[in-house]
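[1] Need coordinates for the following:
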Amino acid sequence: MTESPTSTASTTSTAGLGDRTRTLLRNALEAYGDSPRAAGWLRHHLDRLDEPLRLAIAGKVKAGKSTLLNALVGEEIAATDAGECTRVVTWYQDGPSPRILLHPMQGPPRQLRTRRSERGGLVVDLDGADPATVDRLTVDWPSSGLRSTSLIDTPGIASTSVDTSARASRFLSSDEAPSEADAVLYLMRHLHSADARFLESFHDRHVARATPVSTIAVLSRADEIGAGRLDALSSARRIAGRYRTDEKIAALCQTVVAVAGLVALAGRTMRQDEYLALRALAALPPEVTDALLLSADRFVTPPDSLVDRLGTGVPESATRRLLLTRLGVYGIRTAIAALRDHAPDAARLSAELVAASGLDDLREVLATQFGERRELLKARSALLAVELVVQREPRPAGARLATEVERLVASAHEFAELRLLAALRSRSVPLPAEAREEAERLVGGNGSRLPARLGLPDDVDAATRRQVVVEALGRWRRRAANPVSDRATVDACAVVVRSCEGMLATIAAT
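    I've put the predicted structure just below:
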């Protein structure tokens, strides 16, 4: 899901930020070594700096959280029905072998039985435990998709169960402690008022807390927006594009991506019998499949006039129902079109479905916006941990630590870029649209790697990169020196200039 750290060419020293954060945590551990609770909390966050990124998947009930999680991993390990497990916060992390641990509110964790369903998916059974007494589940699963990022499936926001909804809110935006997630993937069918309220509650103006850069919004059932038509995802992408240009939404999340989660999962877990059933449907005349797919009910139980035209070899009703559950109308139409056009085998069909789902777009966004900012997001979580200790256990050493946190936040250019990105997206810096877009890109709004900041392909030579940076540096220095520029613009220019200077240093060092 993410690129390796060596592929990142940040304009500032992310290693420097990580080292300074570790030093701060060690200083805090020394100051609070006599407090078991504080020392345990700080040690936990020191270890957390070296762990995979923690990405929480949130959204209202039926937003498709578990389905998208399964699609990202490439295996059916998260329950997608409305069972008791969906009421519990569940962590999915890479491990040498499958294992499920239940962590109760009180008492030690205990291991649950690991078994698979008939279709090969993981079955999680709470073994009689009341979900209200369970703090979390942790699922270890050997997967390359979980090595760089641990995924956290949360209960539905705005659930009819007050306790279930409150549990998700506490985990993601508690007033008592910072979230255990480094970043959030927020799923929605469309922007409902409940979605906006949650996104607003998850953010505040403190730079080290949740910012638009730590949240990505996903139109997670994009195929339903276009009523299952072949152009459904195109329609959903246009809506996502409109959301991205909305000032209120831009102030709450990094970007908005459209994904048909059901189709993505089907593509990544396609079985041979499903492929054969789809191929049989693709062999029918187009006018027959068009009539069959006018609605979901018609596809499963066609009228007698249509049954006579299906002929032999067509999947029976139970199989068609399964295809509908697995792919939806949009996925079936997409699969049939691909099979008739250029998908000669199951592997190619799977790839076509994944491409048509928008999953690749999301994975690219996760890599550029979260993967490349791993050190920054981890540092932010660590600083919040120190702040919490200082607030809960005031002492002279704590006051000094609070000052160290403030200095680190103020001096680290990574946080300055974060502040500017938030200001640019909320339109609080009075820049023309073109200049604002360039500023966002130069400070890492499209990704922190050098080519993304410059808007250039990866294979462009160093001389071209240097020329582009020098030209941008000149423009932003002139804008800063313009006597009519206000204070907010001058401060924004200073951040962009420093980012450009850092890029020049990076180019010179390579």
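[2] Please parse the chain into its domains.
    Per automatic domain parsing, the domain ranges recorded for the chain read 1-50+379-510, 53-260, 268-355.
[3] which helix is the longest one in the chain?
    Among the segments of the chain that qualify as a helix by DSSP state H, the longest is helix 317-341.
[4] Against which helices or strands is that one packed?
    helix 222-225, helix 261-268, helix 272-282, helix 296-300, helix 346-357 (3 or more C-beta pairs under 8 Å, 6 or more residues apart in numbering; DSSP states H and E). All C-beta atoms are positioned from the backbone trio N, CA, C, and that covers glycine.
[5] For those helices, give me a markdown table that also has mean pLDDT and mean neighbour count.
    Formatted as a markdown table, the helices and strands packed on helix 317-341 follow (pLDDT from 0 to 100; neighbours: other C-beta atoms under 10 Å):
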| stretch | mean pLDDT | mean neighbour count |
| --- | --- | --- |
| helix 222-225 | 84 | 25 |
| helix 261-268 | 95 | 28 |
| helix 272-282 | 94 | 18 |
| helix 296-300 | 91 | 15 |
| helix 346-357 | 94 | 20 |
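[6] closest one to Arg419 among the ones you listed?
    helix 222-225 (32.1 Å; C-beta to C-beta).
[7] Past that closest one, which element shows up next along the chain?
    helix 232-244 (DSSP states H and E).
[8] Contacts for that next one next, please.
    For helix 232-244, contacts defined as C-beta atoms under 8 Å, 6 or more residues apart in numbering pick out 190-191, 217, 219, 222-226, 229, 249-250, 255-258, 260, 330, 356-358.
[9] Rounded mean pLDDT for the strand or helix carrying Asp491, please.
    Here Asp491, judged by DSSP H and E, is contained in helix 487-509. Taken as a whole, helix 487-509 has a mean pLDDT of 94.
[10] what residues does it touch?
    9-12, 413, 416-417, 419-420, 423-424, 428-431, 439, 442-444, 450, 453-454, 462, 465-466, 469-470, 472-473, 476-477, 479-480, 485.
[11] I'd like to know which of those residues are buried.
    Neighbour-count burial (16 or more other C-beta atoms under 10 Å) applied to the contacts of helix 487-509 gives 9-12, 413, 416-417, 419-420, 423-424, 429, 431, 439, 442-444, 450, 453-454, 465, 469, 472-473, 476-477, 479-480, 485.
[12] Could you give the bridge partners of the residue positioned nearest the centre of the chain?
    Closest residue to the average C-alpha location of the chain: Leu185 at 3.6 Å, with C-alpha atoms, centre = their mean. Counting by DSSP bridges, Leu185 forms beta bridges with Ile57, Ile216.
[13] Which residues are in contact with it?
    Leu185 neighbours (C-beta under 8 Å, 6+ apart): 55-58, 68, 215-216, 218, 366.
[14] how many other residues sit next to Thr319?
    Using other C-beta atoms under 10 Å, Thr319 has 17 neighbouring residues.
[15] likewise Ala132?
    By the criterion of other C-beta under 10 Å, Ala132 has 13 neighbours.
[16] Good, wrapping up.
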